[in-house]
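> what follows is a predicted structure for the sequence shown.
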Amino acid sequence: MRACQTERVKTLSLVDVGALERGFALLGAGGAGETGTCALILRHQLEQEGLNLLQPAELPPDSWVVPVAYIGTPSVLDEKPPSGKEFTAAVRGVAQWSERQPVAVMPAEGAGQNGIMAMIAAVNLGLPLVDADLCGRALPRLDQVASSIAGEPLVPLALADPGGRLMVLDDADAPAIEAIVRAAIPASGGWAAMAFPPLPAGRLPEVGVVGTVRRALGLGHAHAAAALGSAQDLAESLEACLLGQGRVLEVVREGRAGGFGRGSVSLVDAVSGSLVRVEMENEYLLVLRDGAVVATTPDIICLVDARTGEPITCDRVRGALDVAVIQLAAAPFWMHNGRLEHVGPRAFGFPHDPVLLQEAR
Amino acid sequence: MGESASLGLTGLLAHPRWRASVVVLAGSKLERPVDHVVAHSGVGTIPAVPANTLLALTSRPEPLDWRLDALLRRLADQAATALLLPMPMSLIQATVRLADRLGIVILGTADDVLALVVEARTLLAGPSVDAAALVCRVARAMGPQLLDPEMLVKRLHVLIDLPVAVLDGDGVRVAGDVEVTARPHPTCARQRLPVANGELLLAPAPDAAGRRAEYWIAARVSRNAAWRAPAVSDALDLAALSLQRWVFARRLVVERDARHRAALLGELLQLTTEPQVETRRRAADLGWRLDGWHIGVRIGVPPDVEVLGRTADVAAALRGEDLEAVVVEYGDGWSGWVTLDAEPTADQVRQLSQAIRHAHARLRQRIDAHVGVGRPEAGPPGIARTVAEADDAARLAVGRPETGRFLQVDSLGMAQLLLGWGRTETFIPAAHTMLTPLRNQPGDLIRTLGTYLDSESSLNETAAVLGVHRNTVASRVDRIKNLLGVDLQDRDERLALHLACRAVLMD
């Protein structure tokens, strides 16, 4: 079953959680947190009944869809688990402030933890999930989300922290939002549930990335089938490109207070002997093979365990692991020249043009 | 590129300033050529470079910077040779591995990168320019003053940054600290001798005639630095001339001091083992050869002869027979020796002896001299032996007017034996009687016969010694045969007559 041709799924149930976890992990490109903890919560929630999954076209065009996400250090979630009320508070806050009552929920970032979190939020709110997100992959900054790039405002933005506090931001531009939110998080307990300004369902194809949930599901299923095979087989089943496979030679990181900063993973490809080097920060960003750049953002770069196929996050990767480096195509939303620059290598501080599986339009 | 081969990376790294401050951080292909040296600001941009380039960055990249890897790749794509980075610099494993894989050498230096680039460029752009610059520096350093071998070695070592030594004419070291395991060929010309892991460059300081090296200047060049040889050889030639100048100036001074020479001769005559370095030095200063095979010569004169003033005559007489001999005023006369490279054959000894005899004959036109010649002896202790023999022979020669007062010590010391026999009471009257027919005849027949027999029946030789024409000798010999009624072919008769002549002539 090929990833992009999953038959139309209407309901997400317990049996899909495993595939969704794996799929969102792959879309996380080494970042966006571990899905383990929140998947437990979701499984518990889905024990009783499934979650409806809607395509944007199935909603009235002027009905509102609210994008939600968790923001903060991924590991903090294990220390301070959500009570379940945070997303409800955030959505209510943004609905009140914007005077737009949402009828459905979508992930702001359909990758890693946030893919699963959006589903938890949907169940908590008793609303269906829309098969769309604002990234198509993990992205580190709020000002990089699709709606903002497409010209939609990032405000009003609501944050509800585990201490029960609610913060609503308005009348600020994207860079300011990013700066204020980052500054507020440590003070609010290390994480917060975020609700973005609700978007009209009819405009989602223009201002969002449609089909991300379905993609995650498809990837997850394909991965399950091919995980224990060869790295080449796995890459092919994911419609990805295998960039190299071998034992990790070295992981070096810049020491920086607050966040792990820039880092570099290198390995020697077992077949060709090439030196494969992956640059990372919060996600895997750029791949060099023998000193030549062979893959960059916004394509999705994953490192998977060569034996189990398990995706490995940036903070888990270490020397002597046997890994495979694969490259998945970026969502079509990004493949327009005007948008690439916001999520391409230069947006991450790499003075290099994007090197992608597909041509930009 | 001049006469040297293309400069490899190892060659560049052997150059003094580079060797002192550049280390290899990654890569192993050190034998790759370096044809261009380019300076560049940093890893931010990648320059287009020709093949075999060494790229030097003036700003230090961060060790984690992926652009360093990208630069290596682009350098490899352009067939560059190496990358020079400012230190301190610690590369991550990925970069070291990549450099190795791509065949690019990464170098680091704490020295000024631009200064190194300029230096390398000078080397590349014109090794001949660099060589000329070296020769000019050497010329300036040699200067107008006279430098003895120690000073010369010290200055030269600093200039060319190689081990340097001065050797005497036979290839034995007299200054500097290069281990010399091979002897230079006697040809007085530049030489290159192979030694362990490199070669020895030699330049001769020739004697006045330019035929023989009185000294050699040697420099040791390692295999890696072989490309420096032409420039270094030129520098050595220059230094050798400076040394030659010193030798001649010293010799001039020394030659005026005859006492010094006599003293040295005195020392040499006491020698039983290898001479000290100091003795060798003093001998070399004077152009005296100590190694080889020596034949001692003693020229004695009556006490009333002014020896110091007549040395020129002696020298002229020897020169006239093409004899190169050491001649020292010593006592009532001169002592010295002729040196040959190898042990002489009997023929060579005979020829040499004849030459000395002829020289003696010339000399006798002006000075009443008697000459003794010793047997061939080898090495420095041999000088003492052969000169002593010559001395003894000369003493004996005084009383041998019939032989022209010339005596060469032959291997059996026969002369001494005959001398003994010829002086007995019984023999002399019999000798007189035997030769009576030759008395009171014109032509001094007894002397003629004696000389003829001494010369082994050679008419020419006899003529030379007696100072008359060959035909005269021939006719005299005929008359002698008639008068005595002997056949000079008969051995016994010849021997008897020979002994008789000796006895009578000495009486």
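Structure received. Numbers count the residues shown, from 1 in each chain, chains lettered A, B, ... in the order given.
> the nearest residue to A:E152 once chain neighbours are set aside and A:R339: what is the separation?
Of all residues not flanking A:E152 in the chain, A:V207 sits nearest, at 5.2 Å (C-beta to C-beta, 6 or more residues apart in numbering or on different chains). The way it works is simple: take the backbone N, C-alpha and C, and place the C-beta from them, glycine included. From A:V207 across to A:R339, the span is 11 Å (C-beta to C-beta, to the nearest Å).
> what's the local residue count around the residue nearest to A:E152?
Applying other C-beta atoms under 10 Å in any protein chain shown, we find 19 residues neighbouring A:V207.
> could I get the pLDDT score of whichever residue of chain B sits closest to chain A?
Chain B approaches chain A most closely through B:R73 (2.5 Å), counting by C-beta to the nearest C-beta. As predicted, B:R73 sits at a pLDDT of 96.
> list the contacts for it?
When contacts are counted by C-beta atoms under 8 Å, 6 or more residues apart in numbering or on different chains, B:R73 touches A:L288, A:D290, A:G291, A:A292, B:L98, B:L102.
> SS state for the first one?
When you say that, I think you mean A:L288. strand (DSSP: H, G, I helix; E, B strand; the rest coil).
> quick one: contacts for it?
A:L275, A:V276, A:R277, A:V278, A:E279, A:V294, B:W66, B:D69, B:A70, B:R73.
> neighbour-wise, which of the contacts of B:R73 leads?
Busiest of the contacts of B:R73 [other C-beta under 10 Å] is B:L98, holding 29 neighbours.
> buried ones in the helix or strand containing that residue?
Using DSSP states H and E, B:L98 sits in helix B:93-102. For helix B:93-102, burial by neighbour count (16 or more other C-beta atoms under 10 Å in any protein chain shown) applies to B:A94, B:T95, B:V96, B:R97, B:L98, B:A99, B:D100, B:R101, B:L102.
> start and end of stretch B:28-47, how far apart?
Stretch B:28-47 has an end-to-end distance of 23 Å (criterion: C-alpha to C-alpha, to the nearest Å).
> ditto for stretch B:114-133
Terminal residues of stretch B:114-133 are spaced 20 Å apart (C-alpha to C-alpha).
> tell me where chain A has helices.
Counting by DSSP state H, chain A has helices at residues A:17-27, A:36-46, A:76-79, A:85-98, A:112-125, A:146-149, A:174-187, A:204-207, A:212-226, A:231-237, A:337-343.
> tell me the mean pLDDT over the helix holding B:L98?
For helix B:93-102, mean pLDDT rounds to 96.
> run the contact check for that helix versus chain A.
Yes. Using C-beta under 8 Å from any C-beta of the partner chain, helix B:93-102 reaches chain A at B:Q93, B:A94, B:R97, B:L98, B:R101, B:L102.
> partner strands of the lengthiest strand in chain A and their direction?
Taking DSSP state E as the criterion, chain A has its longest strand at strand A:241-253. Partners of strand A:241-253 in the sheet, by DSSP bridges, are strand A:263-268 (antiparallel), strand A:322-328 (antiparallel).
> between the shortest one and helix B:93-102, how big is the angle?
If I follow you right, that is strand A:263-268. With axes from the mean of the first three to the mean of the last three C-alpha atoms, to 10 degrees applied, the angle from strand A:263-268 to helix B:93-102 works out at 40 degrees.
> give me the distance from strand A:263-268 to the chain's centre.
23 Å (C-alpha atoms, centre = their mean, to the nearest Å).
> need the contact partners of it.
The contact list for strand A:263-268 (C-beta under 8 Å, 6+ apart) reads A:244-254, A:274-281, A:284, A:303, A:314, A:317, A:323, A:325, B:64, B:66, B:92-94, B:97.
> so who does the residue of chain A found nearest chain B touch?
Here chain A gets closest to chain B at one residue, A:G291, 2.5 Å apart by C-beta to the nearest C-beta. Neighbour list for A:G291: A:L275, B:D69, B:A70, B:L71, B:L72, B:R73, B:R74, B:A76, B:L98, B:L102 [criterion: C-beta under 8 Å, 6+ apart].
> one more: B:R101?
By C-beta under 8 Å, 6+ apart, B:R101 lies in contact with A:G273, A:S274, A:L275, A:D290.
> so what's the last one up against?
A:D290 makes contacts with A:S274, A:L275, B:R73, B:L98, B:R101, B:L102, as judged by C-beta under 8 Å, 6+ apart.
> what are the ranges of the strands in the stretch 251-400 of chain B?
Applying DSSP state E, counting those that start in this stretch to the stretch 251-400 of chain B gives strands spanning B:293-300, B:325-329, B:333-340, B:370-378.
> can you put those in TSV and add distance to chain A, mean pLDDT and mean neighbour count?
Compiled in TSV, the strands of the stretch 251-400 of chain B are given as follows (distance: least, C-beta to the nearest C-beta, whole Å; pLDDT from 0 to 100; neighbours: other C-beta atoms under 10 Å in any protein chain shown):
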stretch	distance to chain A	mean pLDDT	mean neighbour count
strand B:293-300	69	95	28
strand B:325-329	74	90	22
strand B:333-340	69	94	23
strand B:370-378	68	92	23
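> what's residue 236 in contact with, if anything?
In the absence of a named chain, this looks at chain A. Applying C-beta under 8 Å, 6+ apart to A:E236 gives the contacts A:A226.
> the intended chain is chain B.
Applying C-beta under 8 Å, 6+ apart, we find B:L236 in contact with B:L156, B:R190, B:L201, B:L202, B:A203, B:I217, B:A218, B:A219.
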